[in-house]
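Engineer: What shape does this take:
(one chain, ligands or ions: 2)
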Amino acid sequence: MNKKIVLILLISLINDFCYSQKSYSELFTGKMLRLNYTITNYKDSVEAKFVDFSVANKWGGENYVVNNCKKYGIFYMEMIDSCSNNVLYTYSYNSLFSEWLDIDLSKNKSKTYKECVKMPFPKKTCLINVYKLNSKHEYKLILSEYFNPKYDKFKCKTSTTYPYKHIKSSKSKNSINIAILAEGYQKNEKKKFLQSAKEYSERIFETEPYKKYQKLFNVYAVFDESKDNGCDIPNKNIYKNTIMDFSYNTFNMERYVMSENYWAISNVAQSVPYNHIIVLVNSDIYGGGGIYNYYSVFSANNYHSKEVMVHELGHSFAGLDDEYEDNATYNTDIDNKYEILSPNLTNLVEFSSKWEKYIDKSTPIPTPKNSKHKIGVFEGGRYCYKGIYRPCLHCLMHDLETNYYCEICEKIVEETILNQTQNNE
Ligand SMILES: [Zn+2]
Ligand SMILES: [Zn+2]
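Structural biologist: Residues are numbered from 1 along each chain as shown. Ligands and ions are numbered 1, 2, ... in the order given. Model (predicted):
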């Protein structure tokens, strides 16, 4: 055989080997890989910089190949097998940095955030690409990094494992894993935290559609003590030493509780296999926040906290947006060239991609507030009185007096649950 034929045979063999559809367990080790990066905004651009990789013992996300996830976030990540070019994993998310970009202040001020994205740990070399949605509604590449498990695993940081309790277990092969984390609980408050974590976990599964699918959920409570209790309240000059650096007054909004230390939050969460994070802040002052595929947080000792939690979970779990009108700190300019990303709101640019299929054909669009139709297209949402429309007048994403999701939000959460659990290997 001449050399050329040998080469052709060899290439076709490699191609066959690469292109054959592999199962999850052939592609991944079962551990979790995390890519840490920083991201900074400038006047007309953003810059992301790779920092390092870290590894955790157990991956808690989908145990099948997710090569085309829903894009509800402004960030989109894909992991590509560098041999076959097959997409092995995709993930869409928002972050505190994406919230920062929505604040008017960011137009004249640069700020750097520490971010990360988690993924299943690959057995072979992969290319990891991170994209961000630009003003023309295109996902543009902002970060690209190869990961070679053979060599890079020695460079990966391994994080500490904090004590945890498995407070709700699922027998399902494809489960959804929630990590409840303790912020601002001192050493002697572990029992208090575990009791709250249990009560909040129970509250989730009293709400549809989580209730209907409760058998699919695992819930873990992870405890690490903080030196002080509570968290920062800058407008009252209160600063606390806590493990995840949470603070009220984020972006000068009194009750908006967030942390700029996402690496610390992820470090605590990865003590358990997780794909969703809920943080309990040991405080009785009303407040919270929730960002899509990032985390939910709220003060655990406030009277309204259970409703706040389910509202924030709507944001972080399913990408639901706020349905209320407000005089907001957020930039409320509506770009009417493109349909908005959130699944439960529309600016009517491409309503067919939203809940159109669920509304009665005789429903007027927009729908007047005194309409007999319960599901429609009602004006007002995401802090705007005009130009943005929501599916129902009442919903937990609109007001806390309504302690359930509207029919459309319920369907969106249900779709998320099914997407994350339906594929059996
Ligand atoms: Zn909200
Ligand atoms: Zn709703």
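Engineer: beta partners of His276?
Structural biologist: Counting by DSSP bridges, His276 is bridged to Ile178.
Engineer: secondary structure class for the residue positioned nearest the centre of the chain?
Structural biologist: In the chain, the centroid-proximal residue (C-alpha atoms, centre = their mean) is Asn293; its distance is 0.6 Å. Using DSSP: H, G, I helix; E, B strand; the rest coil, the structure places Asn293 in coil.
Engineer: what's the closest non-adjacent residue to it?
Structural biologist: Tyr93 (3.7 Å; C-beta to C-beta, 6 or more residues apart in numbering). For glycine as for every other residue, the C-beta is placed from the backbone atoms N, C-alpha and C.
Engineer: For the one you found, grab the count of nearby residues.
Structural biologist: Neighbour count for Tyr93, taken as other C-beta atoms under 10 Å: 23.
Engineer: got it, and Asn134?
Structural biologist: 13.
Engineer: In contact with it, which residues?
Structural biologist: Lys140 (C-beta atoms under 8 Å, 6 or more residues apart in numbering).
Engineer: Just confirm Ser316 is within a helix.
Structural biologist: Yes - Ser316 forms part of a helix when assessed by three-state DSSP.
Engineer: In this structure, where is pLDDT below threshold?
Structural biologist: Applying pLDDT under 70 to the chain flags the ranges 1-20, 327-334, 423-425.
Engineer: Domains of it: list them as residue ranges, please.
Structural biologist: 20-158, 164-319 (automatic domain parsing).
Engineer: one step back: am I right that the residue nearest to Asn293 is in contact with Tyr294?
Structural biologist: Yes - assessed by C-beta atoms under 8 Å, Tyr93 is found in contact with Tyr294 at 6.0 Å.
Engineer: Burial-wise, tell me which of the domains of the chain comes out on top.
Structural biologist: Highest mean neighbour count of the domains of the chain: domain 164-319, a mean of 20 (counted as mean count of other C-beta atoms under 10 Å).
Engineer: From Lys140, how far off is the closest residue to Ser135 other than its chain neighbours?
Structural biologist: Spatial nearest neighbour of Ser135, chain neighbours left out: Asp335 (7.6 Å); criterion: C-beta to C-beta, 6+ apart. To Lys140, Asp335 is 16 Å away according to C-beta to C-beta, to the nearest Å.
Engineer: Same list (the domains of the chain) but as JSON lines, adding distance to Leu348.
Structural biologist: Shown next, in JSON lines, are the domains of the chain (distance: least, C-beta to C-beta, whole Å):
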{"stretch": "domain 20-158", "distance to Leu348": "16"}
{"stretch": "domain 164-319", "distance to Leu348": "19"}
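Engineer: Gln422 is nearest to which of these?
Structural biologist: Nearest to Gln422 among the domains of the chain is domain 164-319 (7.3 Å), distances taken as C-beta to C-beta.
Engineer: Is ligand 2 within reach of the closest one?
Structural biologist: No - judged by C-beta under 5 Å from the ion, domain 164-319 stays clear of ligand 2, getting no closer than 7.8 Å.
Engineer: Glu410 touches Tyr210, doesn't it?
Structural biologist: No - Glu410 is not in contact with Tyr210 according to C-beta under 8 Å; the separation is 9.8 Å.
Engineer: which residue ranges form the strands in the stretch 101-250 of the chain?
Structural biologist: 112-122, 126-133, 139-147, 157-158, 164-168, 176-183, 217-222, 246-247 (DSSP state E, counting those that start in this stretch).
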